[in-house]
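Peer 1: Return atomic coordinates for the entry below.
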Amino acid sequence: MKIRHKIAVQFTVLVAVILLVFCVVLHWTAETQRQQNIYSLLQRRAATTARLLVDVREFDANLLRLLDKNSAAKLPNEETFVFDYKDRLIFATANRRPAYLTKHLADDIRINRTVTFQDGGQEVVGIIFTGQYDRFVVVAAATDTAGRLQVRKLARTLTIGFWIGILLTVGLSVLFARQSLRPFQRINQQIAFITARNLSWRIAEGSNRDEIADLATNFNQMLRRLEQAFRQQKQFVSHASHELRTPLSAMKTEIQVGLEQPHSLEEHRQILANLQNDTERLIDLSNGLLQLARLTDNTVEALAFEPLHLEEVLLDARQEVKQSNASCRITFDYAQLPEDNSSTLVQGNATLLKNAVVNLLSNACKYSPDRQAELLLGFDATHCIVTVRDKGIGIAAEDLPHIFELFYRAQHTPVQSGGFGAGLSVTHRIVELHKGTIDVKSTLHQGSEFTIRLPRS
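Peer 2: Below you'll find the predicted structure:
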């Protein structure tokens, strides 16, 4: 079932329930009011008959029957019965004695003083009348033909109105649903034209700030993110292909040189050394791309995060860098002494955080003539702060906004330094996964300072 049909059905059912409740309440109110009116009228007629019979000497039973018979205000099937204290019938306007006139009814009237009920099509009222010399039980009954006819007419009118209201509701709800969902149909038609080849297409957001406009806005934002992701993927493939081509071309050249003519043992050693360097570069490039791909696919929920003392991670990173490059000299110190064990506690993945710091320390040593780097650990009320500082070649101001982009290499980076521009991208992604930030300050030919801020656990 389509949404517009569901809306029409649900709206119709809702209106039908409301109308039904309204009709039932209105009919019940009218019926209750009719009963109250007829019972009140019968009580007054019963009291008047008993008063004329008991307290007024000029009236006797025969005269009252004559007046009752010729009364223009007499109700259909109206009957009045008067009983004395011994339950003897002393007056009746009817020739028959109804079955409801029992001793039990008389006793009930004496206890409750007023009793009302229905018998067949008649409304019956029983009251106590206190005369000058005795107490009497008076029962009056009549058929409320006019009142019942009015209630039946009201019921008929309500029934007709109910079904007319349902029919109008069905038509209007279908029209309303179609009009309300028309913007969604327009959006759906526009979405149908969007494919992987035209992600730059945007759907019309309109000028209204309603839920439909919000949906269009959010969908356009999703398209922007998808377009950016596709663009990054294309750039990734393009840059990766370019970076892979360079060492592969170099390896091919070295192999061709080695096969073209006989070489001395030393020349063969040099060729093999060049091949080894190119192979190591390919391995480093492959590892970096694999790590970046895994970080791109993973989320915080998919990684194993646990409470970590950050100084332990930094010491492990320092040790790893020194093992891979013995010429690096890295000093580690606290920017401020921890107040307690929780001052340097963060929630994270030890391996990822160590890799991030290793990348920063490796770059600091690689691009510093003295192969020195300074590692500092500090904290504030909400974050742990890791600083990696060097006095190397620095980064130009125009390069700073791009250094965390994949495969980006600054203009002043020495060619002999190697690398392929993925380390800082990996570090940036790791910090993002830990809900942290990374900033850089650098002056060309004076050095750089990278600052990582991680939320304290």
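Peer 1: Between the two ends of stretch 75-85, what distance do you get?
Peer 2: 28 Å (C-alpha to C-alpha, to the nearest Å).
Peer 1: And for stretch 194-212?
Peer 2: 19 Å.
Peer 1: tell me which residues of that stretch are tucked away?
Peer 2: Within stretch 194-212, the residues that count as buried by 16 or more other C-beta atoms under 10 Å are 194, 199, 203, 205, 212. All C-beta spots, glycine's among them, are computed from the backbone N, C-alpha and C.
Peer 1: That stretch - what's its average pLDDT?
Peer 2: For stretch 194-212, mean pLDDT rounds to 73.
Peer 1: could we number from 51 for the rest of this?
Peer 2: Okay, using 51 as the starting number, the last item reads as stretch 244-262.
Peer 1: Quick one: residues in contact with that stretch.
Peer 2: For stretch 244-262, the external contacting residues (C-beta atoms under 8 Å, 6 or more residues apart in numbering) are 233-234, 236-237, 240-241, 243, 263, 266-267, 269-270, 273, 276-277, 280.
Peer 1: Most neighbours among the residues you listed, which one is it?
Peer 2: If you count neighbours using other C-beta atoms under 10 Å, the busiest of the contacts of stretch 244-262 is A266, which has 22 neighbours.
Peer 1: Now name the helix or strand holding it.
Peer 2: helix 261-310 (DSSP states H and E).
Peer 1: again, but for V165
Peer 2: Assigned by DSSP H and E, V165 falls in strand 164-169.
Peer 1: what does V224 give?
Peer 2: V224 belongs to helix 195-242, assigned by DSSP H and E.
Peer 1: same check, this time on N413
Peer 2: helix 400-416.
Peer 1: Just the residues contacting whichever helix or strand comes after that helix, thanks.
Peer 2: For helix 400-416, the following helix or strand on the C-terminal side (DSSP H and E) is strand 422-429. Residues outside strand 422-429 that contact it (C-beta under 8 Å, 6+ apart) are 360-361, 364, 368, 378-386, 388, 393-394, 407, 411, 414-415, 434-441, 506.
Peer 1: One more: stretch 193-208?
Peer 2: 73, 76-77, 80-81, 84, 87-88, 125-128, 171-173.
Peer 1: and if you look at stretch 389-403?
Peer 2: 345, 353-363, 366, 388, 427, 429, 434, 480, 483-484, 504-507.
Peer 1: Please, a ChimeraX command that selects the buried ones among those residues?
Peer 2: Per 16+ other C-beta under 10 Å, the buried members of the contacts of stretch 389-403 correspond to this ChimeraX selection:
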select :345,353,355,358,359,360,361,363,366,388,427,429,434,480,483,484,504,506,507
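Peer 1: Of the contacts of stretch 389-403, which belong to strands?
Peer 2: 356-359, 427, 429, 434, 504-505 (DSSP state E).
Peer 1: Count the neighbours of L403 for me.
Peer 2: Count around L403 with other C-beta under 10 Å applied: 26.
Peer 1: Closest one of the buried residues of stretch 244-262 to T329?
Peer 2: Nearest to T329 out of those is L249 (C-beta to C-beta; 38.4 Å).
Peer 1: does that closest one sit in a helix, a strand or a coil?
Peer 2: Recorded secondary structure, L249: coil (DSSP: H, G, I helix; E, B strand; the rest coil).
Peer 1: How much space separates the closest residue to it other than its chain neighbours from N270?
Peer 2: Leaving aside its sequence neighbours, L249 sits nearest to E277 (C-beta to C-beta, 6 or more residues apart in numbering; 4.1 Å). Distance of E277 to N270, given as C-beta to C-beta, to the nearest Å: 10 Å.
Peer 1: This structure - how does it break down into domains?
Peer 2: Annotated domains of the chain cover 53-201, 261-347, 354-505 [automatic domain parsing].
Peer 1: So for the strand holding V165, what gets flagged as buried?
Peer 2: Those would be 165-166, for strand 164-169 by 16+ other C-beta under 10 Å.
Peer 1: neighbouring strands for the next helix or strand after that strand, and are they parallel or not?
Peer 2: Using DSSP H and E, the next helix or strand after strand 164-169 towards the C-terminus is strand 172-180. Note on strand 172-180: by DSSP bridges, its sheet partners are strand 164-169 (antiparallel), strand 185-192 (antiparallel).
Peer 1: how about these in a markdown table, adding mean pLDDT?
Peer 2: Below are the strands paired with strand 172-180 laid out as a markdown table (pLDDT from 0 to 100):
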| stretch | mean pLDDT |
| --- | --- |
| strand 164-169 | 93 |
| strand 185-192 | 92 |
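Peer 1: want to try TSV for these, with distance to E310 as columns?
Peer 2: Output for the strands paired with strand 172-180, formatted as TSV (distance: least, C-beta to C-beta, whole Å):
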stretch	distance to E310
strand 164-169	122
strand 185-192	130
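Peer 1: Out of those strands, which is closest to G497?
Peer 2: Closest among the strands paired with strand 172-180, using C-beta to C-beta: strand 164-169, at 103.9 Å.
Peer 1: chain center to that closest one: distance?
Peer 2: 58 Å (C-alpha atoms, centre = their mean, to the nearest Å).
Peer 1: any residues touching it, and which ones?
Peer 2: With C-beta under 8 Å, 6+ apart, strand 164-169 has contacts from 85, 89, 93, 148-150, 155, 158-159, 173-178, 191.
Peer 1: at 7 Å instead, please
Peer 2: Here strand 164-169 makes contact (C-beta atoms under 7 Å, 6 or more residues apart in numbering) with 89, 148, 150, 158-159, 174-177.
Peer 1: still on that earlier bit, any idea which of the ones in strands among the contacts of stretch 389-403 is closest to T329?
Peer 2: L358 (34.8 Å).
Peer 1: Relative to L425, how far out is that closest one?
Peer 2: In terms of C-beta to C-beta, L358 sits 16 Å off from L425.
Peer 1: Next: V132.
Peer 2: Remark: distance between V132 and L425 (C-beta to C-beta) = 115 Å.
Peer 1: How about L410?
Peer 2: 9 Å.
Peer 1: what about the longest helix in the protein?
Peer 2: helix 53-104 (DSSP state H).
Peer 1: Show the average pLDDT along that one.
Peer 2: Rounded mean pLDDT across helix 53-104 is 91.
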